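**Q** Generate a structure from the sequence data that follows.
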Amino acid sequence: MNAIPMLQLPNKPCHSQFNDQDWSILAQHWYPVARVEDVSQQPQQVTLLDLNLALYQTENGQIYLVRDICPHRGVPLSKGWVEGETIICPYHGLHFDEAGKCIKIPAQPELTKISERFSLSKFPVVIKYGLVWTSILGRDESLANLPVLDTWEAEGHQAILPPYVDIAGSSGRQLEGFIDVAHFAWVHHQAFADRENQVVPKYSTERTDYGLHTNYVSNVSNYPHGMQHLAPEGFLWERIFDVYPPFSAVLTVHFPHHGILKILNACCPVSHNKTRLFVPLTRNFDTTGDLQAVYDFNAQIFAEDQEMVEAQKPEELPLDISMEAHFEADRSSTMYRRILAEWGLSKNYTV
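**A** Below is the predicted model:
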């Protein structure tokens with residue numbers, strides 16, 4: 001990974017509704033911005049924390065992320081194209097190599113020493129769980145608090161990557177909804193839960209070095225309604241949530257007959273009220289089953305959650321615990337909020 005000169009590190013975009021401190025804190029962390037399978041030699045624009053990036057793959061298969069703006073006259077590089085290992089600006093044909101250095105200005109072919117001012121702002125790329133991860137200000141991958149989905153490449157486990165979901169809501173609200181167990185009976189009653197089974201048994205939540213760990217056991221089946229008969233009578237479902245702030249969490253669901261389903265909820269905070277959600281998952285059962293059925297069930301669950309997240313007011317996730325009421329089953333979400341507050345994110349945190 002090539003070091004990026006500090007002078008090229010971007011500031012908060014002028015149109016961003018994050019305050020300066022929140023943006024600077026969040027920009028240190030790592031987020032997924034695309035599925036690897038969606039990356040090609042045709043550059044595409046992706047947005048992270050209101051900053052537009054150009055994502056592309058060169059002919060040798062390497063994936064790169066640069067700021068989506070040519071330093072010459074400000075045209076988006078996502079309107080350009082790739083030749084070999086270079087990306088070319090569509091306005092004046094400037095060529096940029098893998099390190100983001102301008103190596104050719106067609107209007108001045110005799111120019112052999114090109115100013116560093118023509119260099120691109122380049123961002124680190126990590127490929128994990130079929131996703132492209134990056135950070136705006138973070139540069140050391142070893143310090144990244146990336147979630148652990150340890151079954152992604154494990155023998156006997158099927159790795160599945162459904163389409164991403166765009167949500168007109170904040171990443172903090174979405175993540176909190178993912179770890180909320182009290183909403184099952186009310187929001188997901190058409191998918192797997194039951195409005196007559198409303199009670200949330202007490203569960204444990206603890207702080208960890210990566211965030212928080214929750215162990216929740218109940219008799220709420222995780223099978224779709226049409227498959228509820230597969231659950232043995234009296235079976236208790238164990239759900240384990242591992243939360244990796246700011247916006248990732250892994251849910252492990254223990255099925256009958258030693259079945260294990262793991263779902264990674266990984267948010268890309270596009271803007272203060274816009275989230276692109278990626279959901280890699282694995283299972284060690286029904287591994288030859290219909291993938292479309294998995295996609296459809298996954299889409300149903302997240303559409304039900306999306307309706308709630310997009311309707312919540314305030315859009316912000318209140319980090320001052322006194323700003324909203326809480327009951328016993330909210331212990332995971334209140335701990336999550338406290339962690340973000342300890343980081344120095346503002347009470348009117350707008351992600």
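**Q** And the helices in the stretch 101-250 of the chain?
**A** Ranges of helices in the stretch 101-250 of the chain, per DSSP state H, counting those that start in this stretch, are 171-178, 184-187.
**Q** Residues contacting the shortest one from elsewhere in the structure, which ones?
**A** Contact with helix 184-187 is made by 192-198, 220, 304-305, 308, as judged by Cβ atoms under 8 Å, 6 or more residues apart in numbering. (C-beta placed from N, C-alpha, C; glycine too.)
**Q** Compare those and tell me which is most surrounded.
**A** Among the contacts of helix 184-187, the one with the most neighbours (other Cβ atoms under 10 Å) is residue 305, at 23 neighbours.
**Q** residue contacts, the closest residue in space to that residue that isn't next to it in sequence?
**A** Using Cβ to Cβ, 6 or more residues apart in numbering and skipping the chain neighbours, the partner closest in space to residue 305 is residue 177 (5.3 Å). By Cβ under 8 Å, 6+ apart, residue 177 lies in contact with 183, 305, 308-309.
**Q** What of residue 267?
**A** Residues near residue 267 by Cβ under 8 Å, 6+ apart: 31, 171, 174-175, 247-248, 275-278.
**Q** and what of residue 132?
**A** Contacts of residue 132 by Cβ under 8 Å, 6+ apart are 32-36, 39, 55, 63, 65, 125-126.
**Q** again, but for residue 51
**A** 10, 13, 67, 136.
**Q** one more time with 10 Å
**A** Contact analysis of residue 51 by Cβ atoms under 10 Å, 6 or more residues apart in numbering lists 10-13, 16, 23, 27, 67-69, 121, 123, 136, 270-271.
**Q** Closest one to residue 81 out of the residues you listed, please.
**A** Closest approach to residue 81 among the contacts of residue 51 (Cβ to Cβ): residue 68, at 13.9 Å.
**Q** what's the burial count for that closest one?
**A** 23.
**Q** now do residue 40
**A** 12.
**Q** Beta-bridge partners for the nearest residue to it once chain neighbours are set aside, please?
**A** Excluding the flanking residues, the one nearest residue 40 by Cβ to Cβ, 6+ apart is residue 57, at 5.9 Å. Assessed by DSSP bridges, residue 57 has beta-bridge partners residue 63.
**Q** for residue 57, what are its contacts?
**A** 36, 39-43, 63-64, 82, 132.
**Q** Would you tell me which one of the helices of the stretch 101-250 of the chain is buried the most?
**A** Between those, helix 171-178 has the highest mean count of neighbours, a mean of 26, where neighbours are mean count of other Cβ atoms under 10 Å.
**Q** From the chain's centroid, how far away is that one?
**A** Relative to its chain's centre, helix 171-178 lies at 11 Å (Cα atoms, centre = their mean, to the nearest Å).
**Q** and it, C-alpha only, in CSV?
**A** This file holds the C-alpha atoms of helix 171-178, laid out as CSV (Å, rounded to 0.1, in the frame of the first residue of the first chain):
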residue,chain,number,x,y,z
SER,A,171,-26.4,4.4,9.5
GLY,A,172,-26.6,4.7,13.3
ARG,A,173,-30.3,4.2,13.3
GLN,A,174,-30.0,1.3,10.9
LEU,A,175,-27.3,-0.5,12.9
GLU,A,176,-29.2,0.0,16.1
GLY,A,177,-32.3,-1.5,14.5
PHE,A,178,-30.3,-4.6,13.4
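**Q** avg pLDDT for it?
**A** Across helix 171-178, pLDDT averages out at 96.
**Q** What subset of the contacts of residue 57 is buried?
**A** The neighbour-count test (16 or more other Cβ atoms under 10 Å) marks 39, 43, 63-64, 82, 132 as buried among the contacts of residue 57.
**Q** so which pair among those is furthest apart in space?
**A** 82 and 132 (15.8 Å).
**Q** Provide the partner residues of the residue nearest the centre of the chain in its beta bridges.
**A** Nearest to the geometric centre of the chain sits residue 267, at 2.6 Å (Cα atoms, centre = their mean). Here residue 267 sits in beta bridges with residue 277, as judged by DSSP bridges.
**Q** Quick check: residue 201 touching residue 239?
**A** No: with contact defined as Cβ atoms under 10 Å, residue 201 does not reach residue 239; the gap is 11.3 Å.
**Q** who has more neighbours, these two?
**A** residue 239 (20 against 12).
**Q** State the distance from that one to residue 347.
**A** Distance from residue 239 to residue 347, counting by Cβ to Cβ, to the nearest Å: 30 Å.
**Q** same deal with residue 272?
**A** For residue 272 relative to residue 347 (Cβ to Cβ), the value is 15 Å.
**Q** Tell me which of those two has more neighbours.
**A** Between residue 272 and residue 347, residue 272 has the larger neighbour count (other Cβ under 10 Å), namely 22 against 12.
**Q** I am finished for the moment; much appreciated.
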